[in-house]
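# predicted coordinates and the sequence they were generated for:
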There are 2 protein chains.
Amino acid sequence: MSKGITSRKDDYSQWYNELVTKADLAEHSAVRGCMVIKPYGYSIWEKMQAALDKMFKDTGHSNAYFPLFIPKSFFSKEASHVEGFATECAVVTHYRLKNDGNGNIIVDEDAKLEEELIVRPTSETIIWNTYKGWIQSYRDLPILVNQWANVVRWEMRTRLFLRTAEFLWQEGHTAHATQQEAVEEAERMLEVYADFAENWMAVPVVKGIKTPNERFAGALETYCIEALMQDGKALQAGTSHFLGQNFAKAFDVKFTSKEGKLDYVWATSWGVSTRLMGALIMAHSDDSGLVLPPMLAPIQVVIVPIYKGDEEFKAISEVADNLSRELKAKNISVKYDDRDTHRPGFKFAEYELKGVPVRIALGGRDLENGTAEIARRDTKEKETVSRDGLADRIENLLADIQKNIYQKAFKFREENTTEVNSYEEFKQVLDSQAGFVSAHWDGTPETEQKIKEETKATIRCIPLNNKQEAGVCIYSGKASTQRVLFARAY
Amino acid sequence: MSKGITSRKDDYSQWYNELVTKADLAEHSAVRGCMVIKPYGYSIWEKMQAALDKMFKDTGHSNAYFPLFIPKSFFSKEASHVEGFATECAVVTHYRLKNDGNGNIIVDEDAKLEEELIVRPTSETIIWNTYKGWIQSYRDLPILVNQWANVVRWEMRTRLFLRTAEFLWQEGHTAHATQQEAVEEAERMLEVYADFAENWMAVPVVKGIKTPNERFAGALETYCIEALMQDGKALQAGTSHFLGQNFAKAFDVKFTSKEGKLDYVWATSWGVSTRLMGALIMAHSDDSGLVLPPMLAPIQVVIVPIYKGDEEFKAISEVADNLSRELKAKNISVKYDDRDTHRPGFKFAEYELKGVPVRIALGGRDLENGTAEIARRDTKEKETVSRDGLADRIENLLADIQKNIYQKAFKFREENTTEVNSYEEFKQVLDSQAGFVSAHWDGTPETEQKIKEETKATIRCIPLNNKQEAGVCIYSGKASTQRVLFARAY
C-alpha cells in the first residue's frame, strides 16, 4: 500500500507527522490550527477517556457541563489569569450573518454583541462564577466536578495532537473548605494521572512541581507529570493545580465554616488533553508505524487468513471464528480481516502501521498442523504455536507486551537522564543525546530564564520527594540544595 | 427543605422551570442562553449517551471529531443550508484580546481574522469538506461516522434543555454509494432513535416524515420522532435526514463506482440533543418532582435509615450494607443515605424531587420483623415487605416501573390524539385538550402555513406507513388522500 514513512533517525518530526496521518489518527482541517480526529485516532482517545473517567469517579468526582463562552470581563477578574490566556483566544463579536443582497454572506453589523464572548481556553472563570451560587456553607463542600470539553487557544504554530488551536480535554474543578484538603486533592489527581500514564499508556513519568515561571496562570502550585519522548525531548503529560483562594477571591466565593466563620473557598483544577495522543505515539512507535499498548489498542488482535481457494478459506474462517469467540469471551478485542480485496502482505503492513499489538496468521499448513503464527508488534517476533490453549497464550502475551512496552520506555528514560555538574557539560549533553538533565539551580527565575534563552532547555519540574543535596548552580555558581530536571520540551 | 414546586395545573411552564433547577438538573449561566448542566442532570445525560453510543456502534458506526469552527464561506455553498443556519450563529472575528494600558481588557483590532469563523450550528459543511479527502472510490464507502459535540444556535428565547444557545448533541454523518443505501441508513437511524425513546426513556413516539416546510435545511427528506408532553404540546425528539447528493455537490465529493463511473456521493445526517432531557422531564414528572425511568436513573434505589440512637443506626446500617451489596451484584445502582444532618422526611422529599424510582426505608420495627418499607416513585405506592428475597423483588419492581411509566405515557398519548374532520373541530380540540390532532390536509405549503398562522399548530409529521384514506382538507376543502398529525409544539 506504499505507506512507508520517514525514519525517526532521518527526521523525527517528519516521522511523527506522517505517522499521525498515515495511521489514520488525525489530519489538518480547513480551519487554521484545528484538527480532524479520525475514527481510528478517536477510538484510542475514547479508550483513554473511559479509563480516566472511571478513575475520576472512583475518586469521588462527577461530571458536569459549563458554557463554551466566557464573558470578556471575567478575564479581568484574576490578574495573572488574563495574562496567561486572554492574549491567545477566539473572540465572538457578532451573532448573525446575512445575505448582502448580491448573494454574498457577510457579518450582520446590526447583530453586534454588547459584550464580546471568549471561546473558553480553560474554564476556571466561568466555573467559579457558577460555584458562587452553589456554595454557602461548609455543607456544600467539597465540590468535586469534572468536565469533558473542547477548548480553544489561538496557537500560531500548530502540530497535530501536540499543539492545536482547538483540542479536547477534561478539566477538573474542585472547591474545598481548607487549604490542606485542596492541596491533597491536587496531589491525589496527580497520582491518578501518573497511574494512568504508566499503567494504561505504558509511559513512565516523573512527578514533580513546576517552578513559579512555569506555573499555570493563577495557580499557587502546579504539579505535573513529565514524560520523555524518543527524540530526547520532554513532554508535559498532565497538570494539577493548587489554586489557593485566588479564584474564590476574584469571584467572591465565600462559605460559612462549621465554626460560623466566613472564609474564601480553596480551589484546585487539573487537566489532561488530546496531547496525550501525541505522547502515546511518540513514546513507543517505530519506523514501521504505531506501537500501541494493549490496554489502549482499539483492536488488540487481528487474524489474517492466508489461503488458496474457497474451500481452504472456509476452513480457515471456521477456525478464525472460533478463536475470535474465545478471545472475545476474555474481553479481548479481535478483528478477523477476511477482505478479499487485499493480499496478506498488504494487511500485515497496515496492521503494523496501525499498531495492533498481536497479529495471528492462519494458513493451509496451520490447518493441517493445528497451529497458528503469532507475531507481536512491539518486538516483531514471530512464532508458530499450537492452537490448543491459544486464547490463554494470547491473553498472557498481551499482558507481556503491555509490560515490555513500559519497560522499554523506562529503560530509555533511565539511559537518557544525565546528572551534570557544570554548564559546559549541561550544554554538551543537551546537544548530543538530550533527554532529562539533572542539575543544580540557584532557585531564581533569572537564572532559569537565562538558561532557557541560551539553550532552549526549561526546568521541567522539581521532582516530588526530591533528594536534598548541597551543590552549586551550574549557571550562577551560587549555592543550591537540590537538583532539578531540565530538558528541551514539546 | 421547602423545595415545593408550582403544580402543573397552575402553570405548566413554571412547573418545568422550577423542576429543572430545584432537582439540580441545570441552571442558567452568566452567558445569555447558555446553560450549566449540573452533576445530577449530567449523570442522566451520560446514561443517555452511553445507551445511544452503544446502539450506534452496534449498527456499525464509529465516532470521530471535527472542528468547532466553520469558515464563513462554507455556508454559502449549500443554498438552502445557509438560509437555515447562518442567520442565527456566533461569529468569531478576532483571535486576541489585549490590555489597553489602563487595565481594561479589549479586543485587539490588530488580530482580526481574514475570514470570519462560525461556531458550528451543525457540521454538514465542515464534514463534507473533509469527506472530499477521504473518498475516491466505492471501496471508501460507506463512511459511517458519528460525533458527540457542542453546537451553537443563537436563539433569542431560550429555555433550559429545550432551547439553548449552546447545546450538546450527537450528529451522525454518513456517505454512501447509492441513494437506496442512504435512504435505508436514514430510516435505520430513525428506528434506533425510536427504540431508544421508547425502551430507555419510556416515551412513546410517532415515527414520520416532515413536510417540505419543516425539513432540515439541505435535506430531501427529514424523518422524525414526535413525542407528546403532559401539557398536550408535541416535542420533536430526534431527526434523521436523507440529504441526497446536495452536500456532495456543494463540496464536490465524487466517487468511482464499481463500474468505473464517476458520481456524487449520497448522504445522511441524524441527531439527538440535550433536548431529550426536556422530553424526559416533561413526559413523566409530577407535582412532587422528577419521575425517572429506571433505565436512565443515576440512582435506582435509595435506602433511608430511620433510627433512634447509635445502636439502632448500626444495626440498620448493617442490613442496608448487605442489601446494597445484593443490589449492586444485580447491577442496580443504590445509594445508602446515612447522613445524620437531615431527617428522613427531608430525604424522602429530596429523592421524590430527584425521581429516584425506588425508596427503601429501614426502621427499628423492620429490624425486629425482618421487613423493609418499599415505595415506588411512579405510583407513590408503599408496601412493607419481607427482607427475604428483597433484592429479587426490587429487580422486578424496577422492570415493572419502567413498563408502567411507558404505559402511562402511551395511554396519555392515545387519549390525547384526536381525529377531526372540520377546521372548527380542529381549533376546538387545540384549545381544549390540545394533543395530537389527526386531520386531512391538501398537501400544500400554503394551507400548512395558514393553519400555523391562525392556530400556532404545525404538522408534526406524516406518520410512516400512514393509512391511505380519501377525505377533504379541513382548511381548504380540497381532496386529500391521508391524515397528517398536527400539534402545537415545543
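Yep, it's here. Residues are numbered from 1 along each chain as shown, chains lettered A, B, ... in the order given.
# so is the worst-scoring helix or strand of chain A on mean pLDDT next to chain B?
Every helix and strand in chain A was compared by mean pLDDT, DSSP states H and E; the lowest is helix A:79-85, with a mean of 75. Yes. Applying CB under 8 Å from any CB of the partner chain, one finds helix A:79-85 in contact with chain B at residue A:82. Every residue, glycine included, has its C-beta placed from N, CA and C.
# report pLDDT for residue A:4.
Per-residue confidence (pLDDT) for residue A:4: 82.
# contact partners for the closest residue to chain B within the stretch 101-250 of chain A?
Of all residues in the stretch 101-250 of chain A, residue A:154 sits closest to chain B, at 4.4 Å by CB to the nearest CB. Residue A:154 makes contact with A:33, A:88-90, A:165, B:95-96 under the criterion CB atoms under 8 Å, 6 or more residues apart in numbering or on different chains.
# one more time with 7 Å, if that's ok
A:88-90, A:165, B:95-96 (CB atoms under 7 Å, 6 or more residues apart in numbering or on different chains).
# again with residue A:347
Contacts of residue A:347 by CB under 7 Å, 6+ apart are A:304, A:337.
# and if we set it to 8 Å?
Contacts of residue A:347 (CB under 8 Å, 6+ apart): A:302, A:304, A:337, A:339.
# which of the residues you listed lies closest to residue B:180?
Here the nearest of the contacts of residue A:347 to residue B:180, counting by CB to CB, is residue A:339; it sits at 23.3 Å.
# can you classify the closest one by secondary structure?
Under DSSP: H, G, I helix; E, B strand; the rest coil, residue A:339 falls in the coil class.
# so what touches stretch A:292-300?
With CB under 8 Å, 6+ apart as the test, stretch A:292-300 has contacts from A:40, A:43-44, A:47-48, A:51, A:199-202, A:280, A:284, A:332-335, A:351, A:354-358, A:377, A:398-399, A:401-402, A:405-406.
# now that stretch, how far from the centre of its chain.
16 Å (CA atoms, centre = their mean, to the nearest Å).
# which element, helix or strand, includes residue A:128?
helix A:124-134 (DSSP states H and E).
# avg pLDDT for the longest helix along chain A?
When chain A is parsed with DSSP state H, its longest helix is helix A:390-415. Across helix A:390-415, the average pLDDT comes to 98.
# quick one: name whatever helix or strand follows it.
Trace forward from helix A:390-415 with DSSP H and E and the next one is strand A:417-419.
# show me what that next one is packed up against.
Under the contact criterion of 3 or more CB pairs under 8 Å, 6 or more residues apart in numbering or on different chains; DSSP states H and E, strand A:417-419 touches strand A:436-440.
# wait, residue A:285 sits on residue A:353?
No. If you go by CB atoms under 8 Å, residue A:285 and residue A:353 don't touch, sitting 9.6 Å apart.
# need phi/psi at the residue in the stretch 251-400 of chain A positioned nearest to chain B.
Across the stretch 251-400 of chain A, no residue is closer to chain B than residue A:341, which sits at 6.9 Å (CB to the nearest CB). Dihedral angles of residue A:341 (phi, psi; degrees, to the nearest 10) stand at phi -90, psi -10.
# what do you get for residue A:450?
The phi/psi pair for residue A:450 (degrees, to the nearest 10) is phi -60, psi -50.
# now it. Nearest residue, chain neighbours left out?
residue A:475 (6.3 Å; CB to CB, 6 or more residues apart in numbering or on different chains).
# so what's the one you found up against?
So residue A:475 contacts A:423, A:441-442, A:447, A:450-451 (CB under 8 Å, 6+ apart).
# that one belongs to a helix?
No. If the criterion is three-state DSSP, then residue A:475 is coil and not within a helix.
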